[in-house]
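Peer 1: Pasting a predicted model and its sequence here:
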Amino acid sequence: MLLTALCFTLIALGVAGITVVSRKYSRQGTRQTQTLTGEFLPGLMTLARLQDATLNLKSLNYQFALARDEAAMSEQRRAFHATTEQVTRGVAQLKVLAQDEPTQHLIADFAVDVQSYCRHAEKFQAELSAGEFEKAMASLDQQVSPAQKRIETQLEALDDRYFRLSDAAGTRTTTVLAQSNRFGLLATIALTGFTLFCLSVTLAAIRALLAQVERRDAERQAAQNTLEKRVEERTEELAASLSVLDATLNSTADGILATDFSGRVVCQNAKFVAMWGIPAEMMKRGDAIEMAAFVASGVKDSDQFLQRIEELYANRGEATFDVIELVDGRIFERYIQPQFAGEERTGMVVNFRDITERKRSEAELEGTHRRLLEISRQAGMAEVATSVLHNVGNVLNSVNISCSVVADKVRKSRIGSVAKTASLLREHAHDLGAFFTSDPTGLKLPDFLGKLAGLLSKEQADVLQELQLLGQNIEHINDIVAMQQNYARVSGVAEIIDVVDLVEDSLRMNAGALTRHEVQPTREYGEVPPITVEKHKVLQILVNLIRNAKYACDESGRDDKRLTVQVTGDNEGVRIAIVDNGVGIPAENLTRIFSHGFTTRKDGHGFGLHSAVLAAHEMGGRLTARSPGVGAGATFTLELPITPPREGAKLTATHAEFAIL
Amino acid sequence: MSLLPCGGSLQAAPALAGNAGLLGQTLDADGVRAVLLGKKITLGGVRVVIAMARTGNAQNAFLQSHIGMTTSQFQNHWRRLFMTGGGTAPKIFETETDARKFAAETPGAIVITDSANATGLAILSAN
């Protein structure tokens, strides 16, 4: 159909185009014809009449000369004058017809010559009348005949011009007509061909349309049959649904009432009647307003109850929920849902649920919950204590090692050499001079004493360093204990610290262990701002992470055990990453590595990372773990904010939260 | 034919007179008619030139009696003859006196005049 419409539109456009072009040709032809018939042909005719008239003038002039008598002369003179007027009118008519300037000039010249000729002819005639034949002859030869010649010449020129103009106009007209005819013929052929094609297309489209109509009619008939069958089926289904609905309404534990907005009860179930104790007669009347007044008598706040019903009718059953307390102690929940017919609200369905038992259970559950919370808090305290003991145990290892190192250094001290030297000096007390100057031993003694002093000084420095480390570890134990007290108080004291210093302290606390296990620490510290944080919590976390990294490297058995500590940060916070090339973490363990009790070490407690993530969350930060897989090392990243979160915004860590980290 | 002296005492009558050179030429009625109508254009070997007054009683009477034409008809005759190349048109003068004077002075010229006034002219034919 679209193609047909397109075809006919194209035909209409073609006809319109042909009409426009034909009109153009017609206008051109009309213009040429008008020029030809309105100017040139009348001009030629007028010119012919003028030629005739001028010839007539000449003839009349001679006829006058040859007139038999006076009467004939008078007659010829009148005829001459009449012809002169005819010529004058013809000239005037030519002037009117002439459109171009050259022709108008020719006509003007011709008019002058005609006047001149007439003047001379009249003079000639007068002379003839007077019998002045010689004068007349002279006038004829010298004036009349040249004037006559000029007129003839002018007429020939005009005639030639008009013929040329007419010929040109005729040629143009013929050309336009020929073009118009050619165009008309071609356009007619093209349009006829296209029209035939369009008719063929239209016929094909009509046939297709008829076939489509027949097919659709068959489909419609089939659809109607299907629909009728569906209606029958749906009717049966509806009857079954109504049966199910009725059974559902009466099987539910809730009381259900449906009303329309005119106050009529549409349906209700037996539970509704039982819950409110509505008399059977009242149910038969089906007046919802009457029922509302009846049930309001059993409600604690009956006025509010009735007011609420009025509002529901006014709002046309807006979806709401409320709780109704009855005077007999029962508590009902009331759900109201509007009923729609299309987009229009036609009524509302009210659902009453007796929640008296549930309310009582909820009250009992609340008490149980409070008790559980207290127990949980106590369990948390125990976890904190376990964590503290674990960390104290870690530091005590360092203390023990430091003590062993100091004891070993003292045992191996060269202080015995001093005693030997003193004994030697006492032996040579009587001849110290000779001893120092002649005895080979005495000669070596000053150098020996110098070297001994150096060794003892070094021993002293080593011992002092180890003792200092020991003191720091003991101080760390104090801090851990103090931290335990902080945990007990739930809040700690935040102070502004340099993160790099803190990282260095944690490395120092593990320095001995790292050295023993040949783990090479690498430091990659960026420029980071100071942060406000509880520093012992951070220290606890870092000590744990470094110690774990050491274990991971040790267990890998590789020679190049590396531990890299990276510190980066921005205006939001700092990130401390502990990267090792140890045994790595399997993907399945990454999700539970922070859970309490999870460990992969035989002697592990499964508490270090758990307490670390707890501490990170308490400080408003977070601790995450990444590992490409087994044997590929691991990275633990501690992120901390620049300033700690507000007290109320602090995260309360639970086991469930850390389990998914 | 006789040559009348000017101021002769002949009885007045219209006559066809000519230049003295035509003396001896006599024209009868046919001869006058032939000369006046242009059919005879020489007299005595000389080309005839007709001189006429614009009007005149003698002239009218002579023309009427010899060729049956008035002066106007005569002029019309000669106009047609002249226009068709039939002859030399008559010389028209305002007065008969002027015409006579022209005839007296012009060889071959003839004039219609009262015979009493044809002094110095040769009378070719009398009425």
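Peer 2: Noted; the coordinates are in hand. Residues are numbered from 1 along each chain as shown, chains lettered A, B, ... in the order given.
Peer 1: contacts and neighbour counts: CA atoms only from here.
Peer 2: Fine.
Peer 1: and the residue of the stretch 251-400 of chain A nearest chain B?
Peer 2: A:Glu343 (123.3 Å; Cα to the nearest Cα).
Peer 1: Quick check: phi and psi on that residue?
Peer 2: Per-residue torsions, A:Glu343: phi -100, psi 0 (degrees, to the nearest 10).
Peer 1: That one: neighbour count?
Peer 2: A:Glu343: 7 surrounding residues under other Cα atoms under 10 Å in any protein chain shown.
Peer 1: confidence score at residue 7?
Peer 2: All of this is about chain A. On the pLDDT scale, A:Cys7 is placed at 71.
Peer 1: was after chain B, sorry
Peer 2: Looking at B:Gly7, the pLDDT reads 37.
Peer 1: Same check on A:Gln485?
Peer 2: 61.
Peer 1: before we move on, which element is the spatially most central residue of chain B in?
Peer 2: Among the residues of chain B, the one closest to the centroid is B:Val111, at 2.8 Å (Cα atoms, centre = their mean). Using DSSP states H and E, B:Val111 sits in strand B:109-114.
Peer 1: Extract the C-alpha trace of the next helix or strand after that strand and format it as PDB.
Peer 2: The C-terminal neighbour of strand B:109-114 among helices and strands, as given by DSSP H and E, is strand B:121-126. Taking Å, rounded to 0.1, in the frame of the first residue of the first chain, the C-alpha atoms of strand B:121-126 are listed here in PDB:
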ATOM      1  CA  LEU B 121      -1.100  90.500 -83.700                       C
ATOM      2  CA  ALA B 122      -2.000  88.500 -86.700                       C
ATOM      3  CA  ILE B 123      -5.700  87.500 -86.800                       C
ATOM      4  CA  LEU B 124      -5.800  83.800 -87.600                       C
ATOM      5  CA  SER B 125      -9.500  83.300 -87.300                       C
ATOM      6  CA  ALA B 126     -12.400  85.400 -86.500                       C
END
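Peer 1: what's the angle from strand B:121-126 to strand B:109-114?
Peer 2: If you take axes from the mean of the first three to the mean of the last three Cα atoms, to 10 degrees, strand B:121-126 sits at 70 degrees to strand B:109-114.
Peer 1: How far away from the center of its chain is strand B:121-126?
Peer 2: Remark: strand B:121-126 is offset 8 Å from the chain centroid, using Cα atoms, centre = their mean, to the nearest Å.
Peer 1: So which elements touch the longest helix anywhere in chain B?
Peer 2: If you go by DSSP state H, chain B has its longest helix at helix B:71-83. Other elements packing on helix B:71-83 under the criterion 3 or more Cα pairs under 8 Å, 6 or more residues apart in numbering or on different chains; DSSP states H and E are helix A:41-65, helix B:57-67.
Peer 1: if we can go back for a sec, pretty sure the residue nearest to the centre of chain B contacts B:Ala99?
Peer 2: Yes. Using Cα atoms under 8 Å, B:Val111 is in contact with B:Ala99, at 6.6 Å.
Peer 1: Which neighbours do the two have in common?
Peer 2: B:51-52 (Cα atoms under 8 Å, 6 or more residues apart in numbering or on different chains).
Peer 1: Now do the residue of chain A found nearest chain B, the pLDDT please.
Peer 2: In chain A, the residue that lies nearest chain B is A:Leu66 (4.7 Å; Cα to the nearest Cα). Note for A:Leu66: predicted pLDDT of 84.
Peer 1: Leaving out sequence neighbours, find the closest residue to it.
Peer 2: B:Arg80 (4.7 Å; Cα to Cα, 6 or more residues apart in numbering or on different chains).
Peer 1: Give me the neighbour count for the one you found.
Peer 2: By other Cα under 10 Å, the burial measure for B:Arg80, its neighbour count, is 22.
Peer 1: Show the contacting residues for it.
Peer 2: So B:Arg80 contacts A:65-68 (Cα under 8 Å, 6+ apart).
Peer 1: how much space between it and A:Pro644?
Peer 2: According to Cα to Cα, to the nearest Å, B:Arg80 stands 152 Å off from A:Pro644.
Peer 1: Helix or strand next in line after the longest helix of chain B, which one?
Peer 2: Assigned by DSSP H and E, the successor of helix B:71-83 is strand B:91-93.
Peer 1: A:His428: neighbour count?
Peer 2: 15.
Peer 1: Torsion angles phi and psi at it?
Peer 2: phi -100, psi 30.
Peer 1: and if you look at A:Val327?
Peer 2: phi -70, psi -20.
Peer 1: same deal with the one 10 residues further on?
Peer 2: In terms of degrees, to the nearest 10, the main-chain angles of A:Gln337 are phi -130, psi 130.
Peer 1: My understanding was that it contacts A:Ala319; is that so?
Peer 2: Yes. Between A:Gln337 and A:Ala319 there is a contact under Cα under 8 Å: 4.6 Å.
Peer 1: Tell me which residues touch A:Gly597, please.
Peer 2: Counting by Cα under 8 Å, 6+ apart, A:Gly597 has contacts A:605-607, A:610.
Peer 1: sec struct for it, please.
Peer 2: Secondary structure state of A:Gly597, per DSSP: H, G, I helix; E, B strand; the rest coil, is coil.
Peer 1: I'd like the distance between it and A:Gly608.
Peer 2: In terms of Cα to Cα, A:Gly597 sits 9 Å off from A:Gly608.
Peer 1: Taking chain B, what residue is nearest to chain A?
Peer 2: B:Arg80 (4.7 Å).
Peer 1: In chain A, which helix is the longest?
Peer 2: Per DSSP H, chain A has its longest helix at helix A:145-251.
Peer 1: which secondary structure elements does the helix or strand just after that helix contact?
Peer 2: Once helix A:145-251 ends, the next helix or strand along the chain (criterion: DSSP H and E) is strand A:255-260. For strand A:255-260, the packing partners by 3+ Cα pairs under 8 Å, 6+ apart come out as strand A:265-268, helix A:270-276, strand A:344-354.
Peer 1: what's the average pLDDT for strand A:255-260?
Peer 2: Mean predicted confidence for strand A:255-260 is 90.
Peer 1: Distance from it to the middle of the chain?
Peer 2: For strand A:255-260, the distance to the chain centre is 47 Å (Cα atoms, centre = their mean).
Peer 1: now the angle from that strand to strand A:344-354?
Peer 2: 160 degrees.
Peer 1: strands paired with strand A:255-260, and their directions?
Peer 2: strand A:265-268 (antiparallel), strand A:344-354 (antiparallel) (DSSP bridges).
Peer 1: Give me the contacts around it.
Peer 2: Contacts of strand A:255-260 (Cα under 8 Å, 6+ apart): A:249, A:265-273, A:275, A:288, A:346-353.
Peer 1: now with 10 Å?
Peer 2: A:249-250, A:264-276, A:286-289, A:313, A:316-317, A:332, A:334-339, A:345-354 (Cα atoms under 10 Å, 6 or more residues apart in numbering or on different chains).
Peer 1: That strand versus helix A:145-251: what angle between them?
Peer 2: 150 degrees.
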